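# got a structure for you, letters missing:
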């Protein structure tokens, strides 16, 4: 590998990154906030569901298996 070509390759890489970033369709602030709240809501719902299952199975284990 030619060591002199490394700076050129790095420069070309960042130039291509800049071109690709201009093609990205960025969401609006409101859309980002809405999606963030949806993700947080789904995470809390799944956490509550799994916590409930854990509580139920622990209760059943203590009630019927470990006396």
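Ah, there it is. What you see is a predicted model; the values in this text were computed from it and never measured.
# how distant is the lengthiest helix in the chain from the center of its chain?
Ranked by residue count under DSSP state H, the longest helix found in the chain is helix 29-60. Distance of helix 29-60 from its chain centroid, counting by CA atoms, centre = their mean, to the nearest Å, is 14 Å.
# what does stretch 7-24 give?
With CA atoms, centre = their mean, you get 25 Å for stretch 7-24.
# next: stretch 6-14.
Mean-position distance between stretch 6-14 and its chain equals 30 Å (CA atoms, centre = their mean).
# report the rounded mean pLDDT for it.
Averaging pLDDT along stretch 6-14 gives 91.
# what residue is smack in the middle of the chain?
residue 39 (9.3 Å; CA atoms, centre = their mean).
# how close does that one sit to residue 46?
Distance from residue 39 to residue 46, counting by CB to CB, to the nearest Å: 11 Å. C-beta here means a position set from N, CA and C on the backbone, and glycine is covered the same way.
# so where is this protein shaky, pLDDT-wise?
Along the chain, segments meeting pLDDT under 70 span 1, 67.
# and the residue nearest to the centre of the chain, how close does it get to residue 28?
On the measure of CB to CB, residue 39 and residue 28 end up 17 Å apart.
# same check on residue 6?
40 Å.
# same question for residue 45.
Residue 45 is 25 Å from residue 28, by CB to CB.
# do the same with residue 61
Applying CB to CB to residue 61 and residue 28 gives a distance of 49 Å.
# same question for residue 10.
As judged by CB to CB, residue 10 and residue 28 stand 33 Å apart.
# with residue 35 instead?
Counting by CB to CB, the gap between residue 35 and residue 28 amounts to 11 Å.
# mind checking the end-to-end distance for stretch 17-31?
25 Å (CA to CA, to the nearest Å).
# with stretch 18-30 instead?
End to end - CA to CA - stretch 18-30 spans 25 Å.
# make 5 the first number, not 1, from now on.
Sure thing, new numbering starts at 5, so read that last one as stretch 22-34.
# which parts of it are buried?
Within stretch 22-34, no residue is scored as buried using 16 or more other CB atoms under 10 Å.
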